[in-house]
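Peer 1: model this:
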Amino acid sequence: MNLETIQLLIGRDLTLRHFGWLSVLAALALSLLGIYAIDLASAPPPPAGSPLPITPSGLVLKQIIFMAVGITAAAAIVLPHYRFVRFVAWPAMWICLFLLVFILIPQVPTWLVRPRNGARAWINLGPVDFQPAEVAKIAFIMVVADYLRYRRNHRTFVGLIPVGLITLVPVALIMRQPDLGTAILFVPTVFAMLVAAGARLKHLSLVVLIAMCAAPAAYPLLKPHQKQRIIGLVHVIQDSKAGADGINFQSLTARTLTGAGGLTGNPDPKARSLVRFNRLPEAHNDMIYSVIVLRFGLLGGVAVLGLYLLWFAGALLTAAACRDPFGRLVVIGCATIIAAQMFINVGMNIGIVPIIGLTLPFVSYGGSSMLTVWLMTGLVVNIATRRPPRLARPSFEFDDSEETWAD
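Peer 2: Model prediction:
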């Protein structure tokens, strides 16, 4: 490969002075915090005199490996210009859809697809499990960005239908697993991308109104445990102690440990003991935010949210500086899906939304999740590194006075 080919692949007008570094810094801090929190939730205190505050074994060791793989993947995706990344959007989406269908086939042997908690969502790869729905998030963002980049039909109500169909297919397959939490994330993501692409708010508001009216009809389609989560939240609103020994045990325990953190938190040994003796389910995964607040208090919980705000600031400033429509929409999509996931997970931990099985990005244990969020960070840096062409036309600027029959 000669120099000319390398320059074509990577691009010529590069810069290392960009806002994407804010996202990298926040992602690194959150990932390291997550490793400590996983150790706090799953392991006894490290031996006396140990130079590390953690015991690098078990889940902690796996998470360190997941983080290393995620950072490596992010570095790899930064190298090629994002216009070449766009070419793999649709092939990647078709592969993800194939895998989402594959894991739903009942005849697939259980050693390859083993149901967990009633969900068929993971492919057994030996040392690790792979969750296709996680990678499908990135493929979905790139496909929607590719579809919208030079179009204007999405500014009509009828023109929203193709985007809705693109969204419906992966959402339906993920709901079938069932994985309500992951499926929900696609909705705010596509709405944010449509708004950034110039879709009219009156059309999107009408879609929301129709969805709200149709929501009660979808309730009977939910699985029994999903219905119980919603009922449990209603009971908690009516009585804060309701279901403490049943459906709301996980939620109430998480809230109790969160409150036990106080303003500044608890010492490491005490925090570990409280997590164990209270038997918090999924302490290293869905409920890890409660573990962090227990250890570092309200101030620590606010600091974690501040790190996410730093990540969003780097991404949104990158989107604002990018004139290429595809690049801008990819960054908006990545920022929205991480923001929605973070909001829902924190809401689960403090009891304002039902527990629907969503991890805290960068922090919770999980290989597929760690790979996905670091790939999103790599895409943000990729787009931030490429300077916009000097004579590039503005993206998604439309004349609102234009009217069509479908308006």
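Peer 1: So which residues of the stretch 51-200 of the chain form helices?
Peer 2: With DSSP state H, counting those that start in this stretch, the ranges of helices along the stretch 51-200 of the chain come out as 58-78, 82-85, 89-102, 132-148, 160-176, 180-196.
Peer 1: what packs against the first one?
Peer 2: Applying 3 or more C-beta pairs under 8 Å, 6 or more residues apart in numbering; DSSP states H and E, one finds that helix 58-78 makes contact with helix 20-42, helix 367-385. All C-beta atoms are positioned from the backbone trio N, CA, C, and that covers glycine.
Peer 1: Pull out the buried residues from the host helix or strand of residue 212.
Peer 2: Secondary structure from DSSP states H and E places residue 212 in helix 201-218. Residues 203, 204, 207 are the ones in helix 201-218 that count as buried (16 or more other C-beta atoms under 10 Å).
Peer 1: Then stretch 28-45?
Peer 2: In terms of neighbour count (16+ other C-beta under 10 Å), stretch 28-45 has its buried residues at 28-31, 33-43, 45.
Peer 1: Residue 265: which of those residues is nearest?
Peer 2: residue 40 (11.0 Å; C-beta to C-beta).
Peer 1: Is that closest one in contact with residue 271, as I believe?
Peer 2: Yes. Shown here, residue 40 and residue 271 form a contact pair, counting by C-beta atoms under 8 Å, at 6.1 Å.
Peer 1: Can you spell out which helices and strands pack onto the helix or strand harbouring residue 305?
Peer 2: Element membership for residue 305 (DSSP H and E) is helix 288-321. Helix 288-321 sits against helix 20-42, helix 249-260, helix 268-277, helix 325-350, helix 367-385, with contacts defined as 3+ C-beta pairs under 8 Å, 6+ apart.
Peer 1: So what angle separates the directions of that helix and helix 249-260?
Peer 2: 80 degrees (axes from the mean of the first three to the mean of the last three C-alpha atoms, to 10 degrees).
Peer 1: follow-up on the earlier one: could you export the helices and strands packed on helix 288-321 as CSV, including distance to residue 170?
Peer 2: Converted to CSV, the helices and strands packed on helix 288-321 look like this (distance: least, C-beta to C-beta, whole Å):
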stretch, distance to residue 170
helix 20-42, 24
helix 249-260, 28
helix 268-277, 35
helix 325-350, 12
helix 367-385, 14
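Peer 1: give me the number of residues near residue 306?
Peer 2: Number of residues near residue 306 (other C-beta atoms under 10 Å) recorded here: 12.
Peer 1: ok, now how distant is it from residue 107?
Peer 2: For residue 306, the distance to residue 107 (C-beta to C-beta, to the nearest Å) stands at 49 Å.
Peer 1: before we move on, back to that, tell me, what's touching residue 40 and residue 271 both at once?
Peer 2: Shared contacts of residue 40 and residue 271, defined by C-beta atoms under 8 Å, 6 or more residues apart in numbering, comprise 291, 295.
Peer 1: thinking again about what came up before, quick one, which of the helices and strands packed on helix 58-78 is nearest to residue 287?
Peer 2: The closest of the helices and strands packed on helix 58-78 to residue 287 is helix 20-42. By C-beta to C-beta, the value is 8.1 Å.
Peer 1: and the closest one, C-alpha only, in PDB?
Peer 2: C-alpha atoms of helix 20-42 as PDB (Å, rounded to 0.1, in the frame of the first residue of the first chain):
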ATOM      1  CA  GLY A  20     -13.500  14.600  20.700                       C
ATOM      2  CA  TRP A  21     -10.800  14.300  23.300                       C
ATOM      3  CA  LEU A  22     -13.400  15.400  25.900                       C
ATOM      4  CA  SER A  23     -15.400  12.200  25.100                       C
ATOM      5  CA  VAL A  24     -12.200  10.100  25.300                       C
ATOM      6  CA  LEU A  25     -11.300  11.500  28.700                       C
ATOM      7  CA  ALA A  26     -14.800  10.900  30.100                       C
ATOM      8  CA  ALA A  27     -15.000   7.400  28.600                       C
ATOM      9  CA  LEU A  28     -11.600   6.400  30.200                       C
ATOM     10  CA  ALA A  29     -12.600   7.800  33.600                       C
ATOM     11  CA  LEU A  30     -16.000   6.100  33.600                       C
ATOM     12  CA  SER A  31     -14.400   2.800  32.500                       C
ATOM     13  CA  LEU A  32     -11.800   2.800  35.200                       C
ATOM     14  CA  LEU A  33     -14.500   3.800  37.800                       C
ATOM     15  CA  GLY A  34     -16.500   0.900  36.500                       C
ATOM     16  CA  ILE A  35     -13.700  -1.600  37.100                       C
ATOM     17  CA  TYR A  36     -13.400  -0.500  40.700                       C
ATOM     18  CA  ALA A  37     -17.200  -0.500  41.200                       C
ATOM     19  CA  ILE A  38     -17.400  -4.100  39.800                       C
ATOM     20  CA  ASP A  39     -14.700  -5.200  42.200                       C
ATOM     21  CA  LEU A  40     -16.600  -3.400  45.000                       C
ATOM     22  CA  ALA A  41     -19.800  -5.200  44.200                       C
ATOM     23  CA  SER A  42     -18.400  -8.700  43.500                       C
END
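Peer 1: how far does that helix sit from the chain's center?
Peer 2: 15 Å (C-alpha atoms, centre = their mean, to the nearest Å).
Peer 1: for stretch 196-210, same thing?
Peer 2: 23 Å.
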